[in-house]
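Colleague: just to be clear, the model below is a prediction. Sequence and coordinates:
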Amino acid sequence: MAAPCTVLALESSCDDTAAAVLRRTAGGATEILSSVVHGQAELHAGFGGVVPEIAARAHAETLDHCVEQALEASGLGLDDIDAIAVTAGPGLIGGVVSGVMCAKGLAAATGKPLYGINHLAGHALTPGLTDAVPYPWLMLLVSGGHCQFLLVRGPDDFTRLGGTIDDAPGEAFDKIARLLGLPQPGGPAVEAAAKEGDPARFAFPRPLLDRPGCDMSFSGLKTAVLRTRDALIADQGGLTEQDRHDLCAGFQAAVADVFAEKTRRAMAAYPQVADQTPVICVAGGVAANMMIRFSLETVSKEFGARFIAPPLALCTDNAAMIGYAALEQMALSGPSGMTLAARPRWPLDQTSPAMLGSGKKGAKA
Ligand code: KG4
Ligand code: ZN
């Protein structure tokens, strides 16, 4: 049995400032004692994307309050904490630096060990936190900034099977909403409109399905929606409500089909483990989409796999996942120490080729 451990974790790599306290018992169970997230959506709303300088300043101003709130909600003080964990990349560098500096200050003041954690590892390991599933699992990480298939074999053993070569899917949902005059964030607005629409009215492409492998592309799909919108406006002098609904439904169905087919291909690389049901997981803001969940669930059934979509608060950016990743990785490697550096790019899988493209929320690899 390992010694129990209580970790204070910080996350500030994009537009959410977050802190959390987690406790691992001697028996290995992990409990979230508190998880606080301060979003910055309203600060960036007028700019059509996250402004790195505004994000970094807001993180620097908010992090210590977040830590105080997380400690208070956990009922613990700094003396009760055994380790400090912080996102050290990848992400918007100003925000990552804010978190790393705050965590270094806490580690220096308390003498507790400091662990620098990869943000993508936080997302990728979340099914272990929420559902205590054994390794391995397949993770489809889909948000405004990330899009990749990861085979997760252990706390620090990831294979990236593919990812987007241009836009992240959340970005594409946001752009489609903008094209159609729907509110931001675009994902929920497009999903709501799609409910009233006919997904078959427009024949939108399913990009890269003609190529082997798990890479994805959403830029051409977005352009196809734009062209169809423009043709409708040219013909009719404007868009009807039904046109908007049908465009959203067609776009969403295309994205869901791409995820489903690429998941099937990713499963070809899934390792056989005797007496263990395969596990397919989805995380990131786009995982909120019910049609996408449904199509991934359908694919999971085809493979006799268990499907896991963590609760939304743990799908989107949060510090609990960073604390959990630290608890998982502690046994494999020691603390990072005070030389820990913030990294704008930090691929989880060093062996796969670098990914192209960088989303509005920073590098995707
Ligand atoms: O993970 P997240 O909160 O933030 C980062 O990108 O890091 O993801 C936000 C993205 C946005 O682009 C948003 O439009 C998308 O997730 N999203 C959705 C839905 N809800 C949020 N996309 C599709 N359908 C949804 N229901
Ligand atoms: Zn994230």
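Modeller: Nice, I can see it. These figures come from a predicted structure and were not determined experimentally. Numbering: from 1, shown residues only. Ligands and ions are numbered 1, 2, ... in the order given.
Colleague: all strands in the stretch 1-150 of the chain, in order from the N-terminus.
Modeller: Here the stretch 1-150 of the chain has its strands, by DSSP state E, counting those that start in this stretch, at 5-11, 16-24, 30-39, 83-89, 114-118, 137-142, 147-154.
Colleague: next, Pro344: phi, psi?
Modeller: For Pro344, the backbone dihedrals (degrees, to the nearest 10) come out as phi -70, psi -40.
Colleague: now render the strands of the stretch 1-150 of the chain as JSON lines, adding distance to Ala200 and mean pLDDT.
Modeller: From N, CA and C alone the C-beta is placed, and that goes for glycine too. Formatted as JSON lines, the strands of the stretch 1-150 of the chain follow (distance: least, Cβ to Cβ, whole Å; pLDDT from 0 to 100):
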{"stretch": "strand 5-11", "distance to Ala200": "41", "mean pLDDT": "98"}
{"stretch": "strand 16-24", "distance to Ala200": "37", "mean pLDDT": "97"}
{"stretch": "strand 30-39", "distance to Ala200": "36", "mean pLDDT": "96"}
{"stretch": "strand 83-89", "distance to Ala200": "42", "mean pLDDT": "97"}
{"stretch": "strand 114-118", "distance to Ala200": "41", "mean pLDDT": "97"}
{"stretch": "strand 137-142", "distance to Ala200": "24", "mean pLDDT": "96"}
{"stretch": "strand 147-154", "distance to Ala200": "25", "mean pLDDT": "96"}
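Colleague: kindly reformat the ones you listed as TSV containing mean neighbour count and distance to ligand 1.
Modeller: As requested, those are exported to TSV (neighbours: other Cβ atoms under 10 Å; distance: least, Cβ to the nearest ligand atom, whole Å):
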stretch	mean neighbour count	distance to ligand 1
strand 5-11	27	11
strand 16-24	26	7
strand 30-39	19	8
strand 83-89	28	12
strand 114-118	26	15
strand 137-142	27	8
strand 147-154	23	10
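Colleague: pipe those into CSV and attach distance to His65 per row.
Modeller: Output for the strands of the stretch 1-150 of the chain, formatted as CSV (distance: least, Cβ to Cβ, whole Å):
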stretch, distance to His65
strand 5-11, 12
strand 16-24, 9
strand 30-39, 8
strand 83-89, 16
strand 114-118, 20
strand 137-142, 29
strand 147-154, 32
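Colleague: what's the closest of those strands to Gly304?
Modeller: Gly304 lies closest, by Cβ to Cβ, to one member of the strands of the stretch 1-150 of the chain: strand 137-142, at 13.3 Å.
Colleague: who touches that closest one?
Modeller: Under the criterion Cβ atoms under 8 Å, 6 or more residues apart in numbering, residues 120, 123-124, 127, 147-152, 168-170, 259, 263, 266-267, 270, 278-287, 292, 296, 305, 308 lie in contact with strand 137-142.
Colleague: what's the distance between the residue nearest the centre of the chain and ligand 1?
Modeller: What sits nearest the mean C-alpha location of the chain, by Cα atoms, centre = their mean, is Gly284, with 3.4 Å. For Gly284, the distance to ligand 1 (Cβ to the nearest ligand atom, to the nearest Å) stands at 5 Å.
Colleague: who touches that residue in this structure?
Modeller: 123, 141-143, 146, 170, 315-316.
Colleague: next, count neighbours for the residue of the stretch 251-365 of the chain found nearest ligand 1.
Modeller: Closest to ligand 1 within the stretch 251-365 of the chain is Gly285: 2.0 Å, counting by Cβ to the nearest ligand atom. Residues near Gly285, counting by other Cβ atoms under 10 Å, number 23.
Colleague: Thr351 too?
Modeller: Around Thr351 there are 8 other residues, counting by other Cβ under 10 Å.
Colleague: and it, what pLDDT?
Modeller: Per-residue pLDDT puts Thr351 at 76.
Colleague: now stretch 18-27, how far from the centre of its chain.
Modeller: With Cα atoms, centre = their mean, to the nearest Å as the basis, stretch 18-27 stands 20 Å off its chain's centre.
Colleague: give me the contact list for that stretch.
Modeller: For stretch 18-27, contacts defined as Cβ under 8 Å, 6+ apart pick out 1-12, 30-38, 63, 66-67, 69-71, 73-74, 76, 81, 317-320, 322-324, 327.
Colleague: can I get it in PDB? Just the C-alpha atoms.
Modeller: In PDB, the C-alpha atoms belonging to stretch 18-27 read as follows (Å, rounded to 0.1, in the frame of the first residue of the first chain):
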ATOM      1  CA  ALA A  18      -8.600  26.500 -11.800                       C
ATOM      2  CA  ALA A  19      -7.500  25.000  -8.600                       C
ATOM      3  CA  ALA A  20      -8.400  21.700  -6.900                       C
ATOM      4  CA  VAL A  21      -7.600  19.500  -3.900                       C
ATOM      5  CA  LEU A  22      -7.500  15.700  -4.300                       C
ATOM      6  CA  ARG A  23      -6.800  13.000  -1.800                       C
ATOM      7  CA  ARG A  24      -5.500   9.500  -2.600                       C
ATOM      8  CA  THR A  25      -6.000   7.000   0.100                       C
ATOM      9  CA  ALA A  26      -3.600   4.300   1.100                       C
ATOM     10  CA  GLY A  27      -5.900   1.900  -0.800                       C
END
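Colleague: any idea how far the residue in the stretch 1-150 of the chain positioned nearest to ligand 1 is from Arg229?
Modeller: Nearest residue of the stretch 1-150 of the chain to ligand 1: Gly144, at 2.7 Å (Cβ to the nearest ligand atom). To Arg229, Gly144 is 22 Å away according to Cβ to Cβ, to the nearest Å.
Colleague: which of the two has more neighbours?
Modeller: Gly144 (29 against 18).
Colleague: neighbours of Pro207, how many?
Modeller: Neighbourhood size, Pro207 [other Cβ under 10 Å]: 22.
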